[in-house]
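K.L.:
Generate coordinates for the sequence data below:
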Amino acid sequence: MDNLIGRNRECNELQWALNSQRSEFIIVYGRRRVGKTFLIRKFFDDKYSFHYVGAHKQAKKSQLKNFREALINYSKNNNIEPINDWHTAFLCLENYLENCGDKRKIIFFDEMPWADTQGSEFVAELEYFWANWVQNRDDIVFIACGSATSWMKEKLEDNQGGLHNRITHRIYLRPFYLYESREYLKVHGFDWDEYQILQCYMVFGGVPYYLSLLRPYLSLQQNIDSLIFRRGGDLSGEFNELYNALFNKADKYIKVVKLLSTRRQGFLRSEIEQQTGFKGGGLSKILDNLERCDFIISYSQFGNKNKLSLYRLSDFYTLFYFRYVDGNNTRDEQFWQHHFTDRSVEAWEGFTFEEVCLQHLPQIKQGLGILGMATEASSWRFVPKNNDERKGAQIDLIIRRADKITHLIEIKFSENRYKITKDYEERLLERKELFAEMTGVSRGLVCTFITPTGLSQGTHSRLVHSELTAEDLFAVVKER
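P.N.:
All right, here's what the predicted structure looks like:
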């Protein structure tokens, strides 16, 4: 399994299934481009009893033609008759597998959701295949993979028919953390330092496919221009391709993420309803699907008795797209090289670094020495009424510990050590007092800073209880 970065837990799960004494049904899901197919290919070394790939937006006839060709390839039998329905397709698969000997049989259906075309009865026949044949055997490892996580959940995981409770392993593949991204880039010849990798992560996140497109002989700025802003660049049309490949009625999903891109603090569901006009189960499905695909995150507000969640756009590529690509009519193929030092980019890096931190909570807890302690992460914001003279306040990350210590976390992006001024110290103290007054939590409140290179020590940094740096965010989390 050379060149497989990270994924140790997922490989252990696959190995357990491979070594078991029963038939296994494994579903592998996660954001598009996150490396699901690559994981399966590397783990099994492309050695399958049968491998089929669903085709995007192809009719049933084409899907079955591809299935037959795959069956001919693996069985070495050129006399297989044309297949006109999925019932026949699975019968042919059974007949072939019956003659594969006593070895454990690995069956890999990649992009399975695409095979389920309208009126194809694919799922019903898959259910029958499993109930009528596979469950009577103990030598099958069946792997279903797909980027359309809504389909994977509804049709497989939550199946109430013949596949009910048949799923034996659920493998969710998340994007790389920072330490995995660093390892990937190092293996592929990059000598970027942690600050440069942070900047790279703010654009591409930990999506392995995006990282694979980077070239070590170009600077980060040149890479961004080459991939995104150059006409014909590998990611110049990625946004529409990404959402249209994942979701039916993609325009509705795009409308929601575009709204979320306009406010870094996030939106309440009621605000999303008001701005988009989407309501009820339809909106719930959109939000659930976006969250399952790692495009958005939902998180609670501190002390909110109604448990209302804020929804926040979390996909770094989408954030970058709406900020700098959507509506950009300059046709400047070196746009990022010309603008990456602009003050507006500094502001964008500031709030995007906050998102990086929110997606590295395990590393933050480890850095604070509380990885094994029960905690609750949330945000808090105070919006004054019209007749209230107080200013609004926002804390993007609060960690409430079981021992009643509450970390009010400040996240600041700076290339050099961050200096706390007298005015900033006063604002922090005022906000701490306001938080205590509005939430009723006054004991155990501590101020924690997260910066790339640390704080500049001085008179006004004495209020800081603890600080973390990029070194903590890049740390490997020690599993307990």
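
K.L.:
Gly35 touches Tyr209, doesn't it?
P.N.:
Yes: using CB atoms under 8 Å, Gly35 makes contact with Tyr209 at a distance of 7.0 Å. For glycine as for every other residue, the C-beta is placed from the backbone atoms N, C-alpha and C.

K.L.:
Look at these two and report which has more neighbours.
P.N.:
Set side by side, Gly35 and Tyr209 show more neighbours around Gly35, with 25 against 16, by other CB atoms under 10 Å.

K.L.:
Quick check: closest non-adjacent residue to the more buried one.
P.N.:
Nearest residue to Gly35, sequence neighbours excluded (CB to CB, 6 or more residues apart in numbering): Pro208, at 4.3 Å.

K.L.:
and the spatially closest residue to Ser300 that is not a sequence neighbour, bridged to which residues?
P.N.:
Spatial nearest neighbour of Ser300, chain neighbours left out: Ser378 (4.7 Å); criterion: CB to CB, 6+ apart. Beta-bridge partners recorded for Ser378 (DSSP bridges): Ile398.

K.L.:
Could you check how far the residue nearest to Gly35 is from Leu429?
P.N.:
44 Å (CB to CB, to the nearest Å).

K.L.:
Looking at these two, which is more packed in?
P.N.:
Between Pro208 and Leu429, Pro208 has the larger neighbour count (other CB under 10 Å), namely 23 against 12.

K.L.:
Could you measure from that one over to Glu241?
P.N.:
Distance from Pro208 to Glu241, by CB to CB: 17 Å.

K.L.:
picking that back up, the residue nearest to Gly35 against Phe38, yeah?
P.N.:
Yes: with contact defined as CB under 8 Å, Pro208 reaches Phe38; the gap is 7.0 Å.

K.L.:
what does the helix or strand harbouring Val28 rub up against?
P.N.:
Using DSSP states H and E, Val28 sits in strand 24-29. Identification of contacts with strand 24-29 by CB atoms under 8 Å, 6 or more residues apart in numbering yields 13-14, 17, 36, 39-40, 130, 134, 140-147, 149, 152-153, 156-157, 163, 166-173, 292.

K.L.:
same deal with stretch 63-82?
P.N.:
48-55, 58, 83-86, 89, 92-93, 96, 114-115, 117, 120.

K.L.:
try stretch 279-290
P.N.:
Against stretch 279-290 from outside (CB under 8 Å, 6+ apart): 149-150, 246-247, 252-253, 256-257, 269, 272-273, 276, 278, 296, 298, 311.

K.L.:
Return the set of buried residues in stretch 97-117.
P.N.:
For stretch 97-117, the neighbour count (16 or more other CB atoms under 10 Å) marks 97, 104-117 as buried.

K.L.:
Can you give me the end-to-end span of it?
P.N.:
With CA to CA, to the nearest Å as the measure, the ends of stretch 97-117 fall 25 Å from one another.

K.L.:
average pLDDT for that stretch?
P.N.:
Mean per-residue pLDDT for stretch 97-117: 93.

K.L.:
what's the distance between it and the middle of its chain?
P.N.:
27 Å (CA atoms, centre = their mean, to the nearest Å).

K.L.:
Of the contacts of stretch 63-82, which belong to helices?
P.N.:
86, 89, 92-93, 96, 114-115 (DSSP state H).

K.L.:
Closest one of the residues you listed to Tyr195?
P.N.:
Trp114 (40.3 Å; CB to CB).

K.L.:
Setting the sequence-adjacent residues aside, check what's closest to that closest one.
P.N.:
Distances taken as CB to CB, 6+ apart put Gly54 closest to Trp114, at 3.3 Å, once the chain neighbours are dropped.

K.L.:
Contact partners for the one you found?
P.N.:
For Gly54, the contact set (CB under 8 Å, 6+ apart) comprises 63, 109-116, 146.

K.L.:
Could you rerun that using 7 Å?
P.N.:
Contact analysis of Gly54 by CB atoms under 7 Å, 6 or more residues apart in numbering lists 63, 110-115.

K.L.:
Now the two most distant members of those residues.
P.N.:
The distance between the two most remote of those (CB to CB) is 12.6 Å, for Gln63 and Asp110.

K.L.:
Against which helices or strands is the worst-scoring helix or strand of the chain on mean pLDDT packed?
P.N.:
Ranking every helix and strand in the chain by mean pLDDT, DSSP states H and E puts helix 149-151 at the bottom, with a mean of 82. Packing partners of helix 149-151 (3 or more CB pairs under 7 Å, 6 or more residues apart in numbering; DSSP states H and E): helix 280-292.

K.L.:
quick check: angle from the next helix or strand after the helix it packs on to helix 280-292?
P.N.:
Next in sequence after helix 280-292, counting helices and strands by DSSP H and E, comes strand 296-300. With axes from the mean of the first three to the mean of the last three CA atoms, to 10 degrees applied, the angle from strand 296-300 to helix 280-292 works out at 110 degrees.
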